[in-house]
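A.B. asks: Predicted model and sequence below, questions to follow.
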Amino acid sequence: MTMEDTITGGAAPHSPTQAEYWSGPAGLRWVTYQERLDRAFEPFARAVLDAAALTPGERVLDVGCGCGSTTLQAAALVGAGGRVTGIDLSVPMLERAAERARDRGMDLARFELINADAGRHRFATAFDVVLSRFGVMFFDHPAAALNHLGAAALRPDGRLAFICWRRLEENPWMMVPLTAVHQAFGLPAPELAAPPSGPGPFAFSHRGRVERLLRAAGFADVDVRPFDAVVTLSTGGLDQAVELSAHIGPAGRLLAEAAPEARVAGRQAVAAALGKHARAACGEGSDEGAVELPGATWIVTAGWPGRSRAAG
Ligand SMILES: C[S@@+](CC[C@H](N)C(=O)[O-])C[C@H]1O[C@@H](n2cnc3c(N)ncnc32)[C@H](O)[C@@H]1O
């Protein structure tokens, strides 16, 4: 049996499409941990909404809206005279977003959810703003998809604001658990520094690539600036932090694909690695309190100078 067999349980390698991936177990994990993820990513939601500078009455598109956190916050910011649309590939995550909208008594005339590929969908509305929290890094053809968002979604002089992760090594909240799982599985250290060209959380991690893609897509006034904040993996002790890290992000993905025994070993390694940070955060011997690690992102804004929308 090879190391790969041990990790994957011998299953044939399968490369799901993004739609399959996000509507499958990964999407269900995001639904399960929605509240904790919203707490973990709260500073990043605030940062991208600040960058979007929404004003009452605006029409907003939230790309890769997932469980609807920023979509609902945007709806509150644009008020009764505005309109917000969330678009996502994931059926279960959209179902959670719809449930949250219903719970809040959202007016469906101004709050809409679409299950489609944002890089291809024929939008019926011209939006003032396209925004995204961690939802634009998964396009197979990013320049074409970004061009589509400008040409087919934004009105002339509309604006784009999104937040995306910087490099893995700048994000200890992902790097620490992933390194632990790699060590437990006998894998080489996670790949560092190389600019990823394929879709994934680090597809936009290099500033130069983001700037080039946006300019190639037709955007102007491209601004890419760093935004760092603490990612709160837990406010209730180490176990919660391990649980979140074992289900979300690159470590979670690796563990999900592992055979059961390997998963147990990987999870123990994550606990040992995060435990070092929990002691620092919580005080010696404490099994309560916050587990917080640094996160690093780019806040990206750009304008769409196009004169008219693409057909549809
Ligand atoms: C990392 S999650 C972020 C979800 C949400 N924005 C948040 O911050 O909680 C990425 C989301 O992008 C969605 N996504 C990926 N590619 C997409 C595409 N081409 N069109 C629409 N949504 C997409 C996924 O389904 C997933 O919900």
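C.D. replies: That came through, no problem. Residues are numbered from 1 along each chain as shown.
A.B. asks: quick one: the helices in the stretch 201-312 of the chain?
C.D. replies: Along the stretch 201-312 of the chain, counting by DSSP state H, counting those that start in this stretch, helices occupy 207-217, 238-245, 249-256, 260-282.
A.B. asks: Tell me the buried residues in the last one?
C.D. replies: Just to be clear, that refers to helix 260-282. Within helix 260-282, the residues that count as buried by 16 or more other CB atoms under 10 Å are 262-263, 265-267, 269-271, 273-275, 277-278, 281-282. No exception for glycine: its C-beta is placed from N, CA and C like everyone else's.
A.B. asks: ok, of those, which one's closest to the ligand?
C.D. replies: When the buried residues of helix 260-282 are compared for distance to the ligand (CB to the nearest ligand atom), V270 wins out at 19.4 Å.
A.B. asks: Distance of G64 relative to the ligand?
C.D. replies: Distance, G64 to the ligand, using CB to the nearest ligand atom, to the nearest Å: 3 Å.
A.B. asks: Test my guess that that residue contacts L131.
C.D. replies: No. In this structure, G64 is not within contact of L131 by CB atoms under 8 Å, at 10.2 Å.
A.B. asks: between the two, who's got more neighbours?
C.D. replies: Taking neighbours as other CB atoms under 10 Å, G64 and L131 compare with L131 leading, 28 against 23.
A.B. asks: quick one: that one is in a strand?
C.D. replies: Yes. Under DSSP: H, G, I helix; E, B strand; the rest coil, L131 sits within a strand.
A.B. asks: got a list of what it touches?
C.D. replies: Contact partners of L131, counting by CB atoms under 8 Å, 6 or more residues apart in numbering, are V48, L49, A52, V60, L61, D62, V63, T70, A74, L160, A161, F162.
A.B. asks: Please convert the residues you listed to a markdown table, extending it with neighbour count, secondary structure and pLDDT.
C.D. replies: Below are the contacts of L131 laid out as a markdown table (neighbours: other CB atoms under 10 Å; DSSP: H, G, I helix; E, B strand; the rest coil; pLDDT from 0 to 100):
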| residue | neighbour count | secondary structure | pLDDT |
| --- | --- | --- | --- |
| V48 | 27 | helix | 98 |
| L49 | 20 | helix | 98 |
| A52 | 26 | helix | 98 |
| V60 | 25 | strand | 98 |
| L61 | 30 | strand | 98 |
| D62 | 32 | strand | 98 |
| V63 | 26 | strand | 98 |
| T70 | 31 | helix | 98 |
| A74 | 28 | helix | 98 |
| L160 | 29 | strand | 98 |
| A161 | 23 | strand | 98 |
| F162 | 29 | strand | 98 |
